[in-house]
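A.B. asks: What follows is a predicted structure for the sequence shown.
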Amino acid sequence: MKRIILLRHASADLEAFNQDSDHKKPIDNKGENECKNLALWLKNNFIEFDLIISSNAKRALQTCELVFEAHSTTLQKNPSFYLCNSEEIIMTIQKINDEVKNVVIVGHEPSISETMRVLSGSTRPDLKKYLNISYQPCTICFLYFNLKSWKSLKKKDGVLEGYLSPDIVNLYNEKS
């Protein structure tokens, strides 16, 4: 069994936005809070990661720092995740060492939600609505695959078992 976790970077500073400096755009205060809340949820739910592969854009790396700082998981920076499509993400996953069971992909829209749709062959009934919308910043989903080797990863092979936006994470954290 393999698991892919897709995470969109946290909310970014829109005032710092222009096409020339987009790659260097940092997360904003809202993004910091989103990351801290997601980190708490992951800790409380004992979610394991073997490898994190992230876009090398500043906001994606800041998201990784804040969300995964309590984990001693290997982080690989992938410059091609900055402006890519689902094919690039899937090809990268297919090259992962088979000892890795749980991989986190941190990237941008629309490639993250596109990857979720391309890999989801089935889904929990209560999650179907999320297949037709774009990811909000700092949203995460969990896809499970009955695979022994990442090389055999194919479109529509996954089961969408979890989808958490920042609002949903906050509700869970308030109940804990």
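C.D. replies: Received, thanks.
A.B. asks: Does anything pack onto the worst-scoring helix or strand of the chain on mean pLDDT? Which helices or strands?
C.D. replies: One helix or strand of the chain scores below all others by mean pLDDT, DSSP states H and E: helix 166-175, with a mean of 87. In terms of contacts (3 or more CB pairs under 8 Å, 6 or more residues apart in numbering; DSSP states H and E), helix 166-175 is packed against helix 29-44. The way it works is simple: take the backbone N, C-alpha and C, and place the C-beta from them, glycine included.
A.B. asks: what about this protein, any weak spots by pLDDT?
C.D. replies: Residue ranges of the chain with pLDDT under 70: 16-20, 176.
A.B. asks: Mind jotting down where the helices sit in it?
C.D. replies: 29-44, 58-68, 86-94, 111-119, 166-175 (DSSP state H).
A.B. asks: Now render those as JSON lines, adding mean neighbour count and distance to residue 15.
C.D. replies: Output for the helices of the chain, formatted as JSON lines (neighbours: other CB atoms under 10 Å; distance: least, CB to CB, whole Å):
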{"stretch": "helix 29-44", "mean neighbour count": "18", "distance to residue 15": "12"}
{"stretch": "helix 58-68", "mean neighbour count": "22", "distance to residue 15": "13"}
{"stretch": "helix 86-94", "mean neighbour count": "17", "distance to residue 15": "29"}
{"stretch": "helix 111-119", "mean neighbour count": "22", "distance to residue 15": "23"}
{"stretch": "helix 166-175", "mean neighbour count": "14", "distance to residue 15": "20"}
